[in-house]
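Below are the sequence and a predicted model for it; my questions follow.
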Amino acid sequence: MNKASSLVEGRTELTVYSEDRELTYVFPAFGPDNYRTVGKQILNEGLQVPTGDEIAPFMRELYLGANKDKEVIKNARDFFKNRWFFWVFNRDLWTPEGFYSVPDRNAKGLSERLRVEDLKKRLVGGSKYRDIEFSSNRRVRFAPIGSYTFG
């Protein structure tokens, strides 16, 4: 989808078009607090917590988008720069073979254990791209050691 982004001010809403979907981000952000509390605040407002797939277009828009010079966008960049973190609602499980990542739509965090056996089953019948495995619904991903770098 190649639409220009749009910006709604007040309760600021930034709508970004990424691939074939429309994503709307709301700020000021919730918090500051811990992962689960901020997640619950977002969910209690009837909104969805953002996953890694949804954070990437937002960050691109903050720095490179058509609205990047608007004051409210500059303020959002400053907010994230000064807080030094941004909650991404994914649950990751690191193993000696690599790591698994799943969206955390209910902001459970570490309150529920992920199990390698369950995640492996969910990957069966999925696809692979550059050594990264995806479940058929693309909600479970596995990146083996050597397929990613740090830094």
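Yep, that arrived. Nothing here was measured: the structure is a model prediction, and the numbers come from that model.

Would you mind giving the domain segments of the chain?
6-83, 90-144 (automatic domain parsing).

can I get these in CSV with distance to residue 150?
Using the backbone N, CA and C atoms, a C-beta is placed for each residue, glycine as well. Converted to CSV, the domains of the chain look like this (distance: least, Cβ to Cβ, whole Å):
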stretch, distance to residue 150
domain 6-83, 16
domain 90-144, 11
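
what's the least confident stretch among those domains?
For the domains of the chain, the weakest mean pLDDT is recorded on domain 6-83, namely a mean of 84.

where along this structure do the strands fall?
Listed in chain order, the strands of the chain (DSSP state E) span residues 6-8, 12-18, 21-27, 90-95, 98-103, 127-129, 132-134, 141-144.

With mean neighbour count and distance to residue 114 added, can I get the ones you listed in TSV?
Putting these into TSV (neighbours: other Cβ atoms under 10 Å; distance: least, Cβ to Cβ, whole Å) gives the following:
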stretch	mean neighbour count	distance to residue 114
strand 6-8	14	37
strand 12-18	18	27
strand 21-27	15	26
strand 90-95	14	4
strand 98-103	19	7
strand 127-129	10	20
strand 132-134	17	15
strand 141-144	19	12
